[in-house]
Each structure stands twice: as structure tokens, then as C-alpha cells.
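Enquirer: Mind folding the following:
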Amino acid sequence: SFTPLQSRHFTFGDHSLVIKCRQPPQEEELPPTLMQADILPTQLTVTDTVGWDVWDGATTAMCDKLVKNPEIIKGKDVLELGAGVGVVGILAGILGARRVIISDYDEGALAIAETNLKLN
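Expert: Residues are numbered from 1 along each chain as shown. The predicted structure is shown next:
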């Protein structure tokens, strides 16, 4: 059975985010709602959906760096490659980036990132 998306709470400096993601990753079928939306194939492995997870080490390190040094992105255009569920890109927008483009090869991860953007 499919492990549903969970809400995880992250705090970076004074900023709190609620992020939907799959945690922990498992090799399973997609839920019927995603299959009906034709976002992804009906069967995927963990490696196919790696962007549905939050990579705590990399994500936390990058977000901490941005919170401590917001001048890196304030007023600038930001392109996040391999964004997955969008944590870093969302925080970049909160911290004052002029424009943020969140990208990933996985349309399912981008759909989750869009949900996370609306939540935050």
C-alpha cells in the first residue's frame, strides 16, 4: 500500500514551514488520486520518486545558510534545480528572492511542491 504524504514542520531562523512529503520512502504504488491525474506512471520505485522525500542533511544545510545570509538571495532571481518538494525554493521566496523558479524532472514532485507553496 502507498505511504501517504505526511506534513513535516521545519523551522529555519524565525521562519516555520509546513511541508508535505513522503517519509520514509518505500517502494509502493501511487495513490488512486495521483494515478487519475496522469501525473505519474501507476507503479514507481523509490529511486523514481526520490524527489518526494526531504533530504534533511542537504535541505537543512542550505536553508540554514540562506537564513544566516539572506543577502545571498534577497532581491535576486533564484533557480532551484532538482527541487523535489520545494523546501529551499519556498524559503528563498520567504526570505525576499525577487523570483523563484522551482524545477525538477519529476512532475509528481513538482505537484507536491505546488501544494507546499500554497501551504506556506
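
Enquirer: Which helix or strand contains the residue nearest the centre of the chain?
Expert: Among the residues of the chain, Val85 comes closest to the average C-alpha position under C-alpha atoms, centre = their mean, at 1.6 Å. According to DSSP states H and E, Val85 maps onto no helix or strand at all.

Enquirer: Next up, the contacts around it.
Expert: Taking C-beta atoms under 8 Å, 6 or more residues apart in numbering as the criterion, Val85 is in contact with 19-21, 51-54, 109, 112-113, 116. For the C-beta atoms, the positions are set from N, CA and C on the backbone; glycine is no exception.

Enquirer: Tell me which of the residues you listed fall in helices.
Expert: Secondary structure of the contacts of Val85 is defined by DSSP state H; positions in helices are 109, 112-113, 116.

Enquirer: which among these gets closest to Leu95?
Expert: Ranking the ones in helices among the contacts of Val85 by separation from Leu95, with C-beta to C-beta as the measure, puts Asn116 on top at 15.7 Å.

Enquirer: Distance check, that closest one against Arg98.
Expert: Computed with C-beta to C-beta, to the nearest Å, the distance linking Asn116 and Arg98 is 20 Å.

Enquirer: the more surrounded of those two?
Expert: More neighbours surround Asn116 than the other of Asn116 and Arg98, with 24 against 12 (other C-beta atoms under 10 Å).

Enquirer: Sweet, I'm off.
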